[in-house]
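Peer 1: Pasted the sequence and its predicted model underneath.
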Amino acid sequence: MAVIPSARIAVDIAGAPYEVRIAPGLIDRLGHEVRPLLRKDKVAIVTDAHVAAAWQARVDAALGAAGITASWLVLPPGEATKSWAMLARVVDFLIAEEVERRDRVIALGGGVIGDLTGFAAAMVKRGCGFIQVPTTLLAQVDSSVGGKTAINTAAGKNLVGAFHQPALVLADPDTLDTLPLRETRAGYAEVVKYGLIDDADLFGWCEINGARLIAGDGEARVTAIARSVAAKARIVAADEKELTGVRALLNLGHTFGHALEAETGFSDRLLHGEGVALGMVLAARFSVRQGLMHGQDAGRIAAHLKSVGLPWSLGPLGLACNGRRLADHMLHDKKMDAGTLPFLLLRGIGRTFLAKDVDLAEVAAFLDDELAG
Ligand SMILES: NC(=O)c1ccc[n+]([C@@H]2O[C@H](COP(=O)([O-])OP(=O)(O)OC[C@H]3O[C@@H](n4cnc5c(N)ncnc54)[C@H](O)[C@@H]3O)[C@@H](O)[C@H]2O)c1
Ligand SMILES: [Zn+2]
């Protein structure tokens with residue numbers, strides 16, 4: 001049997017550099033991996049019920065092997081868990097566990113658990129340490145790295161949060177074995193995103209290996225996670241707090257995607273990554289319409305997403321709204337800056353740029369045409 005590679009990537013953020021370790025079987029070595037970062041022989045872990053059902057026993061055994069006892073807080077799964085109420089539960093739990101500033105708590109789960117636990121860690125004792133152990137493809141390639149933490153409020157998604165970098169990220173691709181296929185596909189959209197941003201070679205890799213990765217191939221998983229994390233680390237190191245516009249590149253497909261998620265009520269009708277997939281196709285097609293890129297390139301993007309079973313056109317969503325309404329959702333996106341709508345457009349595959357002066361009426365007209373099929 002071929003040996004599956006592993007990778008270590010440094011995220012070089014001023015003041016708090018940290019490492020992302022990617023390796024199959026990491027979860028069974030968790031105790032030894034985290035031991036040097038813990039001051040005590042106990043650790044607080046936050047997770048959700050799906051992840052606990054699949055991995056809690058393995059994690060307890062792995063920690064026990066290094067003499068570490070875990071205290072668990074198991075929360076309900078789903079986006080609704082990124083709430084004020086659950087944030088209070090996590091904070092109360094960490095305080096009850098007597099977590100101190102120099103301690104590290106573990107976030108074991110997808111982006112929901114990572115964002116929520118990271119935010120709680122940013123607040124407890126004015127900021128304690130935390131370790132991300134991401135268990136979804138989305139979290140392994142995206143949300144566990146970069147230090148953005150948040151909850152949702154009645155006014156919208158991720159409106160309240162903090163920048164708080166983890167002390168360590170441990171991504172074990174084997175944990176994806178229990179992840180539902182639809183979630184794996186959705187996370188894969190973010191891998192494609194890095195290719196489209198500035199790495200045409202990665203997009204080419206995706207065209208050849210994407211299906212293999214989604215089907216669970218170990219080598220393809222490690223390659224995709226490592227290349228994605230390296231891309232994100234590079235962008236975040238250049239612009240940690242999204243001030244210069246470099247980090248904004250990570251939002252490719254997200255302005256259109258966010259509008260579609262909002263219109264479908266942030267529900268199972270459209271997972272975040274599915275919205276991003278559609279959003280990238282729309283960004284590409286809009287770029288073609290603006291004369292910025294060749295239709296062939298937009299066709300290549302749609303064809304690839306379609307080939308791996310991701311959404312690539314608006315028709316199947318069956319939206320009963322017009323382009324204006326979708327454009328209005330974009331206005332409520334927090335990325336709006338002083339009344340102008342910054343849009344990520346493409347000059348080609350791997351050539352994304354931030355267009356600052358996009359006319360929302362043109363976007364609405366474009367969306368009307370897309371909705372009409
Ligand atoms: N902080 C960031 O930079 C950043 C970036 C992108 C997305 N996000 C956030 O991430 C969230 C989405 O993350 P997600 O897609 O990981 O969603 P998620 O955390 O809700 O996980 C998706 C589903 O998979 C289940 N699950 C997780 N790991 C599993 C496993 N190994 N086996 C079986 N089931 C498992 C979960 O219980 C859940 O039902 C959103 O809230 C989004 O805003 C944050
Ligand atoms: Zn995303």
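Peer 2: Now that the structure is in, tell me what you want to look at. Residues are numbered from 1 along each chain as shown. Ligands and ions are numbered 1, 2, ... in the order given.
Peer 1: and the stretch 51-200 of the chain, which residues reach ligand 1?
Peer 2: 51, 54, 77-79, 82, 109-113, 115, 135-136, 138-139, 142-143, 146, 148, 158, 175, 178-179, 183 (CB under 6 Å from any ligand atom). For every residue, glycine as well, the C-beta is placed using N, CA and C.
Peer 1: Counting neighbours, which of the residues you listed end up buried?
Peer 2: 51, 77, 79, 82, 109-113, 115, 135-136, 138-139, 142-143, 146, 148, 175, 179, 183 (16 or more other CB atoms under 10 Å).
Peer 1: Show me those that map onto strands.
Peer 2: 109, 148 (DSSP state E).
Peer 1: follow-up on the earlier one: mark which of the residues of the stretch 51-200 of the chain next to ligand 1 are part of helices, please.
Peer 2: 51, 54, 111-113, 115, 138, 183 (DSSP state H).
Peer 1: tally of neighbours for residue 167?
Peer 2: 17 (other CB atoms under 10 Å).
Peer 1: now the one 5 residues further on
Peer 2: For residue 172, the count of nearby residues is 27 (other CB under 10 Å).
Peer 1: before we move on, what about residue 315?
Peer 2: Around residue 315 there are 12 residues (other CB under 10 Å).
Peer 1: With residue 104 instead?
Peer 2: 20.
Peer 1: Chain neighbours aside, what residue packs nearest to it?
Peer 2: Residue nearest to residue 104 in three dimensions, not counting chain neighbours: residue 129, with 3.9 Å by CB to CB, 6 or more residues apart in numbering.
Peer 1: which residues does that neighbour contact?
Peer 2: When contacts are counted by CB atoms under 8 Å, 6 or more residues apart in numbering, residue 129 touches 37, 101-105, 121, 166-167.
Peer 1: Now do the strands in the stretch 201-350 of the chain.
Peer 2: Here the stretch 201-350 of the chain has its strands, by DSSP state E, counting those that start in this stretch, at 343-346.
Peer 1: Quick one: the helices in it, in order.
Peer 2: Taking DSSP state H, counting those that start in this stretch as the criterion, the stretch 201-350 of the chain contains helices spanning 218-238, 254-263, 272-289, 295-307, 323-331.
Peer 1: Show me what the third one is packed up against.
Peer 2: Put plainly, it is helix 272-289. Judged by 3 or more CB pairs under 8 Å, 6 or more residues apart in numbering; DSSP states H and E, helix 272-289 is in contact with helix 181-198, helix 254-263, helix 295-307, strand 343-346, helix 360-372.
Peer 1: how about a markdown table for those, with distance to residue 278 added?
Peer 2: Below are the helices and strands packed on helix 272-289 laid out as a markdown table (distance: least, CB to CB, whole Å):
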| stretch | distance to residue 278 |
| --- | --- |
| helix 181-198 | 9 |
| helix 254-263 | 6 |
| helix 295-307 | 8 |
| strand 343-346 | 14 |
| helix 360-372 | 10 |
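Peer 1: quick revisit: ok, now how distant is the residue nearest to residue 104 from residue 19?
Peer 2: Computed with CB to CB, to the nearest Å, the distance linking residue 129 and residue 19 is 14 Å.
Peer 1: With residue 97 instead?
Peer 2: For residue 97, the distance to residue 19 (CB to CB) stands at 25 Å.
Peer 1: ok, these two, which is more surrounded?
Peer 2: A direct count of neighbours by other CB under 10 Å for residue 97 and residue 19 places residue 97 higher, at 17 against 13.
Peer 1: contacting residues around the more buried one?
Peer 2: Neighbours of residue 97 in contact, by CB under 8 Å, 6+ apart: 42, 44, 71, 105.
Peer 1: cutoff 10 Å now
Peer 2: 42-45, 71, 73, 103, 105, 124 (CB atoms under 10 Å, 6 or more residues apart in numbering).
Peer 1: Now the buried members of those.
Peer 2: The neighbour-count test (16+ other CB under 10 Å) applied to the contacts of residue 97 identifies 43-45, 73, 103, 105, 124 as buried.
Peer 1: Redo these as CSV? Include pLDDT.
Peer 2: Putting the buried ones among the contacts of residue 97 into CSV (pLDDT from 0 to 100) gives the following:
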residue, pLDDT
43, 98
44, 98
45, 98
73, 99
103, 98
105, 98
124, 98
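Peer 1: Let's see which of those residues end up in strands.
Peer 2: For these, secondary structure assignment (DSSP E) places 43-45, 73, 105 in strands.
Peer 1: So of those, which two are at opposite extremes in space?
Peer 2: Within those, 43 and 73 form the most distant pair, 11.8 Å apart (CB to CB).
Peer 1: anything in contact with each of those two?
Peer 2: Common neighbours of residue 43 and residue 73 (CB under 10 Å, 6+ apart) are 97, 105.
Peer 1: how many neighbours does the closest residue in space to residue 52 that isn't next to it in sequence have?
Peer 2: Among residues not flanking residue 52 along the chain, residue 74 sits closest, at 4.6 Å (CB to CB, 6+ apart). Look at residue 74: counted by other CB under 10 Å, it has 17 neighbours.
Peer 1: And for residue 287?
Peer 2: 25.
Peer 1: ditto for the one 10 residues further on
Peer 2: Counted with other CB under 10 Å, the burial measure for residue 297 works out to 21 neighbours.
Peer 1: do the same with residue 361
Peer 2: Residue 361 has 11 nearby residues by other CB under 10 Å.
Peer 1: For it, give me its contacts.
Peer 2: So, once contact is read as CB under 10 Å, 6+ apart, residue 361 ends up touching 323-324, 327.
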